[in-house]
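Trainee: Kindly return the folded structure for what I paste below:
(chains A and B)
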Amino acid sequence: MSSGASLECRDLVKSFPTPAGERRVIEHLSMRVEPGEFAVILGPSGCGKTTLLRTLSGLLPVDHGEVRVDGHVVRDVPDDVAVVFQEYNKSLFPWLTLERNVRFALRGLGKAQARERARAALRRVGLAESAQQYPWQVSGGMQQRAAIARALACHANLVIMDEPFASVDALTRIHLELMLLDIWTESRFTVVFVTHDIEEAVLLADRIFVLSSRPARVKDEIVVGLPRPRDPIATKALPRFQQLRERIFDLIEGAAGAPMRRDEGLSAHHLTAGG
Amino acid sequence: MSTARAAVAASAERLLGWLAFVGAVAAWQVVATMGEARSVASFGDSARALVDILWGPDLADHVLPSLGRVVAGFGVTALVGIGFGLLLGTFHGIEPWVRPVIEFLRAVPPPLIVPVAMMIMGLSGNVVITVIVFGTLWPVLINTLDGASRVEPLYLDTARVFRSPRWVVLRSVVLPASLPTIMAGLRTALSISLIMLVLGEMLASSTGIGYLILTSQQTFDVPATYGGVLLLGLLGWTFDTLFVVIERRVLRWNSEFSGGSDV
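Mentor: Numbers count the residues shown, from 1 in each chain, chains lettered A, B, ... in the order given. From the prediction side, this is the model:
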């Protein structure tokens, strides 16, 4: 379906003006994501992940450095990039049915073709029955699936996702993670997935970029190398999964500034929820 | 259970409302029969006069022209107010330039447009339409402007992600996103339009319901005067009811309007 685009950014710098002067959010950040790869950007809350994602997708101009998708410098959102936002309740248009929301991404196509493709995308995320419903009539998890269907429908080569599953309940989240992995395996577009959840990162990623706390820099780049297909139970039971989790945990703990005591029972989820 | 009880409570409230209405009519009747017939027509006489207006030559001479003026004035207001409001709300560069002018014109009491419009246009029907537009434009313009400049930023980001051209963003994102505030402005404008209609027709017209009421009063046709008042009340109620029906339909995607609760 799609070929998978490469993403590269070099020496990225971004600051925001505040009453107390310039505040640097991203500091000389460089990274490269290979075509077809599932990359995760992982960092403590408030480290500037969303800002980074907005610069990577071309929604926000950078102060210094450059972002390239398939070698082309990004100035606005490129044609073959789709973004899935965390707040599905604000990224779907409430005045459009789910099918119409998906078709919003297919403006260039003829009506019949757009409808066909929108329905196929909704079917793929298990929403064939709900195509004619409005966002407020379905659950949060279904809304986010519709947002993913919209990104799929336009056959993007690079899908950028900003903590897409952070606001759904734990069970729905597992389903959505598995569904995303399935879809990605079928179509092999490149994914850049932002999260603050270590387990989610290790479960999904080929490559994890661990960010420092603000200003964001790439603190470490970790190749996951766990076998696929991944599974929330079996994969998480592997010794390597545990090792990676602990290693990243230590990295982030260092990044968060004040070192936390790792008492018994303090899981990755606890750390991220508090951070 | 609780919804059934709520439904019973709602219909009881409605019943009380109608009872109060009947009571008001009865009180009117009492006042009229207590010897004030020279200044207060009875409800029966007023209703008969209303029927005479609607079934006689007055329908074509006065009622229909009034309806036409409201439709025309309200239509111009909707087009101009929504159009300019969207433009000003989207292109933030223009707003600071025109805001003082809008604020000044809005602060002018709308009836003052009557002498100005008469000087410019004489006694034609267009004066009344102009008066209606001047009185109703501001709530629509300001509400549209506010709605359009406060569109959820993520809607606009989403439109950018899918590379929508500017006019598509305006038509398919900014307009629907500000529709709830626009409709609120239009509803206010609709009730103001009847006020401006009557005012314009009393001062600057020789046709229309406002003119009819004024001449009935001047010729001591007491029932016809009250018949005209009844007619206007009925028109206002009908317009508002129609508007609410349309608003529900237009905003049916908005859960606030789809819950079935009375607005």
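Trainee: And the helices in chain B?
Mentor: Remark: helices assigned in chain B by DSSP state H are B:2-33, B:43-55, B:58, B:64-90, B:95-107, B:113-121, B:125-149, B:153-161, B:166-169, B:175-204, B:209-218, B:222-250, B:255-258.
Trainee: quick one: the fourth one near chain A?
Mentor: Spelled out, it's helix B:64-90. No. Applying Cβ under 8 Å from any Cβ of the partner chain, one finds helix B:64-90 out of contact with chain A, separated by at least 15.5 Å. Yep, even glycine has a C-beta here, placed from its N, CA and C like the rest.
Trainee: quick revisit: mean neighbour count, the helices of chain B: which tops it?
Mentor: helix B:125-149 (a mean of 24; mean count of other Cβ atoms under 10 Å in any protein chain shown).
Trainee: Please name every helix or strand in contact with that one.
Mentor: Where contact means 3 or more Cβ pairs under 8 Å, 6 or more residues apart in numbering or on different chains; DSSP states H and E, helix B:125-149 is packed against helix B:64-90, helix B:95-107, helix B:113-121, helix B:175-204.
Trainee: Which stretch among the ones you listed approaches A:A128 most closely?
Mentor: Closest to A:A128 of those is helix B:175-204 (Cβ to Cβ; 25.2 Å).
Trainee: Can you tell me the closest non-neighbouring residue to residue 224?
Mentor: If you meant another chain, say so; for now it's chain A. In space, and not counting its chain neighbours, A:V224 is closest to A:A205: 5.1 Å by Cβ to Cβ, 6 or more residues apart in numbering or on different chains.
Trainee: let's do chain B instead
Mentor: B:S216 is the one closest to B:A224 (Cβ to Cβ, 6+ apart), at 3.9 Å.
Trainee: residues in the stretch 101-250 of chain A within reach of chain B, list them.
Mentor: Looking at chain B, the residues of the stretch 101-250 of chain A close enough under Cβ under 8 Å from any Cβ are A:F104, A:A105, A:R107, A:Y134, A:W136, A:R150, A:C154.
Trainee: still on that earlier bit, and A:P227, which of the helices and strands packed on helix B:125-149 is closest to it?
Mentor: From the helices and strands packed on helix B:125-149, taking Cβ to Cβ, the stretch that ends up closest is helix B:175-204, at 46.1 Å.
Trainee: so what secondary structure elements neighbour that closest one?
Mentor: By 3+ Cβ pairs under 8 Å, 6+ apart, helix B:175-204 packs against helix B:64-90, helix B:113-121, helix B:125-149, helix B:209-218, helix B:222-250.
Trainee: Including neighbour count, pLDDT and secondary structure, could the residues of the stretch 101-250 of chain A next to chain B go into a markdown table?
Mentor: Putting these into a markdown table (neighbours: other Cβ atoms under 10 Å in any protein chain shown; pLDDT from 0 to 100; DSSP: H, G, I helix; E, B strand; the rest coil) gives the following:
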| residue | neighbour count | pLDDT | secondary structure |
| --- | --- | --- | --- |
| A:F104 | 23 | 92 | helix |
| A:A105 | 26 | 90 | helix |
| A:R107 | 14 | 85 | coil |
| A:Y134 | 21 | 92 | coil |
| A:W136 | 14 | 90 | helix |
| A:R150 | 29 | 92 | helix |
| A:C154 | 24 | 86 | coil |
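Trainee: re the thing from before, mind telling me which of the helices and strands packed on helix B:175-204 the model trusts least?
Mentor: If the helices and strands packed on helix B:175-204 are sorted by mean pLDDT, helix B:113-121 sits at the bottom with a mean of 87.
Trainee: Contacts for that one, please.
Mentor: B:V127, B:T130, B:V131, B:F134, B:G135, B:L199, B:G200, B:L203, B:A204 (Cβ atoms under 8 Å, 6 or more residues apart in numbering or on different chains).
Trainee: pretty sure the first one is touching B:M202, no?
Mentor: This means B:V127. No. The pair B:V127 / B:M202 is not scored as a contact, 11.8 Å apart, by Cβ atoms under 8 Å.
Trainee: show me what contacts residue 99?
Mentor: Using chain A. A:E99 is in contact with A:R115, A:A118, A:R119, A:L122, A:A131, A:Q132, counting by Cβ under 8 Å, 6+ apart.
Trainee: wrong one, chain B
Mentor: Applying Cβ under 8 Å, 6+ apart to B:R99 gives no contacts.
Trainee: try A:R119
Mentor: If you count contacts by Cβ under 8 Å, 6+ apart, A:R119 has them with A:E99, A:A128, A:A131.
Trainee: distance of it from chain B?
Mentor: In this view, A:R119 and chain B are 18 Å apart by Cβ to the nearest Cβ, to the nearest Å.
Trainee: Okay, buried residues for the one helix or strand that residue maps to please.
Mentor: Element membership of A:R119 [criterion: DSSP states H and E] is helix A:111-124. Within helix A:111-124, the residues scored as buried using 16 or more other Cβ atoms under 10 Å in any protein chain shown are A:A114, A:R115, A:R117, A:A118, A:R119, A:A121, A:L122, A:R124.
Trainee: my guess is the residue nearest to B:A224 contacts B:G210, does it?
Mentor: No. Applying Cβ under 8 Å as the test, B:S216 and B:G210 come out as separate, 10.9 Å apart.
Trainee: What angle do helix B:153-161 and the helix or strand hosting A:L52 make with each other?
Mentor: Using DSSP H and E, the element containing A:L52 is helix A:49-56. For helix A:49-56 against helix B:153-161, the angle by axes from the mean of the first three to the mean of the last three Cα atoms, to 10 degrees is 30 degrees.
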